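Peer 1: build me a model from this:
(4 chains)
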Number of protein chains: 2
Amino acid sequence: MENIEDIRPKRREPAVLDSFDRRILAALAADADRSYAALGEKVGLSPPAVHERVKRLKRSGVIRDVVARLDGTAVGKPLIAFVHVEAAGWGKSERLMQIARFPEVEEMHSVAGDASMILKVRMESPQALEFLLGQIHSVPGVRGTKSYIALSTYLDRPVQAEVTADWPNVPLPPE
Amino acid sequence: MENIEDIRPKRREPAVLDSFDRRILAALAADADRSYAALGEKVGLSPPAVHERVKRLKRSGVIRDVVARLDGTAVGKPLIAFVHVEAAGWGKSERLMQIARFPEVEEMHSVAGDASMILKVRMESPQALEFLLGQIHSVPGVRGTKSYIALSTYLDRPVQAEVTADWPNVPLPPE
DNA sequence: AATCTTGCCGAAGATTATTCAGGAGAGAAG
DNA sequence: CTTCTCTCCTGAATAATCTTCGGCAAGATT
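Peer 2: This is a model prediction of the structure:
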C-alpha cells in the first residue's frame, strides 16, 4: 500500500531569488544589524514576511552566515599579504591544507595560472609573515612562494547581492 | 578661568583588548547571530556585561560592522578571480578607483611587488570577467593585467580575532 | 468553479535587548 | 591603613524585538 507521503511532491525550495530577496540580501550584506521592522520598511514588507524570507535564505544557504567584521589593525594584524604558492604535484596536499589552521590565514584558493594556490593572510608583522612563509615552504612539494604585500586597502566588502547586467555597453555604473 | 572640563582627562577608550574582549570578538567573527545571553555564557559574563563590551567594541571600531555573508554561486556569481593590475604612473588614479563601483569587485589593494593593484572579483561568468578586464584596460595608465581564476576555494573566512603568538617553534597549531 | 498552494498581513505571546541601581575590587591620595 | 574614585560587574525591570499563528487574497491546478 502506498503512503501518501510518497506521492506528494517534495516541497521545493524556490531556487530563484525574486526582487524582494535581492533587496533583503543587499541590505543584509551591507548591514545585518537591523531589526526585521527596519529591514521590512527598507524593502517594502512586513516584519513577519521579512523574517520568513530571511529564514528561508539561511536555510537554503544563500546566506551562509552572519559575522562581525573586525578591524585587522585593532586585533593586532595590520599586515595583509597575498601569497602565491607554487606546488609541485597537485596543489591540495592535505599537508598544505593544515596551513589554514593559522588564524592569520583567511582565504585559500587553488587557481589556474602559474600559482597553484593563492592565500590571503593577515599578519602581525613582516617577521610573522616570514615565519608563516617558513611554514609553507616546509610543506613537501612546495617549490616556491611569491608574496604581495598590501600597502593600503581601498575596498574590502563582502559578497554583494547585485550583479552587473549590461556589461558591454556600460562604461561605469552610477554611484 | 579654567573650565573643569579642560582639566579632567578625557575618558579613554581602552586601547587594549582584554581576554573577555578577545573571546567575544572570536565568537562574533564566527557567528554574530547569537543572543547576548548565549554569548555571555560562552565567554563567562552576564548579558548586560557582554552588551556593554560589544557596544564599546563597535564604537571604537574594533568591530567594523556586522554583515551577512552570501553564497557567491547562489547570487549568480560563481567565478572568483584575482586580478593583478599593472599601472603606469601611480596606481591609485581616481579613474581606477571607479572600478570599485561594480558590485563584482570585492577587494582592491595597492601592493608592493610587480603589480600595482590587486583586485578580488566575483563574476557571473568568464565573459563577464572579460568585460570587466576591458573596463580596467580602458583606464588610462593601465599597462596590463594578470588574472588568476580560482578553481576552488578551500577557506574563506573573516578576520580572526586570534593571533599566533609563538611563531618560530610551532610547526602547526593544534586543531 | 472548487481546491490547493503560496505568501502576505496584523495581532499576540515568547524571547531578547537595554537600562538602571547597587556593589565589589583596584588604584590613588591622604 | 583608610578613604575616595573609578571601573565594571550583576540581577532586576522595562522596552523592544523576535517569532508564531490565524486569516485572507491571489494565482495555479484540477
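Peer 1: can you list the domains in chain A?
Peer 2: A:13-59, A:79-149 (automatic domain parsing).
Peer 1: dump those domains into TSV; add mean neighbour count, distance to chain B and mean pLDDT as well.
Peer 2: For glycine as for every other residue, the C-beta is placed from the backbone atoms N, C-alpha and C. Formatted as TSV, the domains of chain A follow (neighbours: other CB atoms under 10 Å in any protein chain shown; distance: least, CB to the nearest CB, whole Å; pLDDT from 0 to 100):
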stretch	mean neighbour count	distance to chain B	mean pLDDT
domain A:13-59	16	4	95
domain A:79-149	18	4	92
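Peer 1: can you add distance to B:Ile80 and give those domains back as a markdown table?
Peer 2: Shown next, in a markdown table, are the domains of chain A (distance: least, CB to CB, whole Å):
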| stretch | distance to B:Ile80 |
| --- | --- |
| domain A:13-59 | 16 |
| domain A:79-149 | 7 |
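Peer 1: ok, which of the ones you listed comes nearest DNA strand C?
Peer 2: DNA strand C sits nearest to domain A:13-59 of all the domains of chain A, at 3.0 Å, using CB to the nearest atom of the strand.
Peer 1: from the chain's centre, how far out does the top strand by length along chain A sit?
Peer 2: Longest strand of chain A, by residue count under DSSP state E: strand A:142-156. A distance of 18 Å separates the centroid of the chain from that of strand A:142-156, by CA atoms, centre = their mean, to the nearest Å.
Peer 1: elements contacting that strand?
Peer 2: strand A:79-87, helix A:126-137, strand B:105-112 (3 or more CB pairs under 8 Å, 6 or more residues apart in numbering or on different chains; DSSP states H and E).
Peer 1: just put these in a markdown table and tack on distance to DNA strand D.
Peer 2: Below are those laid out as a markdown table (distance: least, CB to the nearest atom of the strand, whole Å):
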| stretch | distance to DNA strand D |
| --- | --- |
| strand A:79-87 | 28 |
| helix A:126-137 | 28 |
| strand B:105-112 | 26 |
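Peer 1: any idea how far the residue lying closest to A:His51 once chain neighbours are set aside lies from A:Lys42?
Peer 2: Spatial nearest neighbour of A:His51, excluding adjacent residues (CB to CB, 6 or more residues apart in numbering or on different chains): A:Tyr36 at 5.0 Å. For A:Tyr36, the distance to A:Lys42 equals 10 Å [CB to CB, to the nearest Å].
Peer 1: who's in contact with the residue nearest to A:His51?
Peer 2: By CB atoms under 8 Å, 6 or more residues apart in numbering or on different chains, the contact list for A:Tyr36 reads A:47-48, A:50-51, A:54.
Peer 1: these in helices, which ones?
Peer 2: Of the contacts of A:Tyr36, the ones assigned to helices by DSSP state H are A:47-48, A:50-51, A:54.
Peer 1: just give me the closest of these to A:Ala161.
Peer 2: A:Val54 (13.0 Å; CB to CB).
Peer 1: wait, isn't the closest one in contact with A:Val66?
Peer 2: No. Assessed by CB atoms under 8 Å, A:Val54 is found out of contact with A:Val66, at 9.8 Å.
Peer 1: now do the shared contacts for these two.
Peer 2: A:Leu28.
Peer 1: before we move on, the earlier item: what angle do strand B:79-87 and the longest strand of chain A make with each other?
Peer 2: If you take axes from the mean of the first three to the mean of the last three CA atoms, to 10 degrees, strand A:142-156 sits at 80 degrees to strand B:79-87.
Peer 1: residues touching strand A:142-156, excluding its own?
Peer 2: Applying CB under 8 Å, 6+ apart, the contact partners of strand A:142-156 are A:79-88, A:96, A:115, A:126, A:129, A:133, A:136-137, B:84, B:92, B:97, B:100, B:105-113, B:115, B:118.
Peer 1: so A:Arg56, which state does it fall into?
Peer 2: helix (DSSP: H, G, I helix; E, B strand; the rest coil).
Peer 1: what residues does chain A have near DNA strand D?
Peer 2: Neighbours of DNA strand D within chain A, by CB under 7 Å from any atom of the strand: A:35-38, A:47-48, A:51-52, A:55.
Peer 1: and with 10 Å instead?
Peer 2: Applying CB under 10 Å from any atom of the strand, we find that chain A lies next to DNA strand D at A:9, A:32-40, A:46-52, A:54-55.
Peer 1: before we move on, the earlier item: DNA strand D: which of the contacts of A:Tyr36 is nearest?
Peer 2: A:Pro48 (3.5 Å).
Peer 1: next, find the distance separating that closest one from B:Ala88.
Peer 2: Taking CB to CB, one finds A:Pro48 at 56 Å from B:Ala88.
Peer 1: A:Arg69 now?
Peer 2: In terms of CB to CB, A:Arg69 sits 33 Å off from B:Ala88.
Peer 1: in contact with A:Glu124, which residues?
Peer 2: A:76-79, A:104, B:163-164.
Peer 1: could you do A:Ala15 as well?
Peer 2: By CB under 8 Å, 6+ apart, A:Ala15 has no neighbours at all.
Peer 1: tell me which element the nearest residue to A:Ala49 once chain neighbours are set aside falls in.
Peer 2: Excluding its sequence neighbours, the residue lying closest to A:Ala49 (CB to CB, 6+ apart) is A:Gly40, at 6.8 Å. Assigned by DSSP states H and E, A:Gly40 belongs to helix A:36-43.
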